[in-house]
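1. The sequence and its predicted three-dimensional model are supplied below.
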Amino acid sequence: MTRYNRLYQLFLMTLLILMLAACNSAAQQQATLSDIPTYEGARALNRGDNLLVDTLATTVEQMAKQEYDSTEVKRYEAPAGAQQNELYHFYAQQLAATGWQKTDRIEHDNPPVIIEVWTKGEGEDRQALFIGMANDPVAGNSAFFVTALSADQIL
């Protein structure tokens, strides 16, 4: 084998390794809902467990689908006594520490509902996390919330 053939093979192998490393790092940047912290003591809910949570989840999901191809939603009941401001403070600290940026906040007065939108990444790696929270008007001393993770590409 000539010296040029060996250099060419080395070049191709290096290029292949770099391409594989780039694909792997892009895949690792995508978050999943399991990467998103859950408020301590929150209880996961299923669709149908609470009509108000389902309504909030549907609203958040419809908002997300206006801009993103895929959305995954989780529903929660906050522990007794937890209120909206405590939940948002928790998420603000946790998300900012991991590179998410708050890009929008939507407030509705009656019933009082707040939806915050956090984003991370750019281009094809862009993701948005929607967090919708409301105090439970029936129980009065608790809140419920949904997290919805959206992406331009299927997770």
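-> Okay, I see it.

2. how close does residue 116 sit to residue 128?
-> 10 Å (CB to CB, to the nearest Å). Just so you know, the C-beta spots here come from the backbone N, C-alpha and C atoms, and that holds for glycine as well.

3. ignore the last one, residue 51
-> 26 Å.

4. Neighbour count for these two, which is higher?
-> More crowded of residue 51 and residue 128, by other CB atoms under 10 Å: residue 128, with 22 against 9.

5. was I right about the more buried one contacting residue 64?
-> Yes. Contact criterion CB atoms under 8 Å: residue 128 and residue 64 qualify, at 6.6 Å.

6. Overlap in contacts, these two.
-> Counting by CB atoms under 8 Å, 6 or more residues apart in numbering, the shared contacts of residue 128 and residue 64 are residue 150.

7. got a list of contacts for the helix or strand harbouring residue 87?
-> Assigned by DSSP states H and E, residue 87 belongs to helix 84-97. For helix 84-97, contacts defined as CB under 8 Å, 6+ apart pick out 36-37, 39, 78, 102, 112, 114, 116, 118, 129, 131, 133-135, 143, 145.

8. Pull out the buried positions in it.
-> In terms of neighbour count (16 or more other CB atoms under 10 Å), helix 84-97 has its buried residues at 84, 87, 88, 90, 91, 95.

9. Show the subsequent helix or strand relative to that helix.
-> strand 101-108.

10. between that following strand and helix 84-97, how big is the angle?
-> Put simply, strand 101-108 runs at 160 degrees to helix 84-97, going by axes from the mean of the first three to the mean of the last three CA atoms, to 10 degrees.
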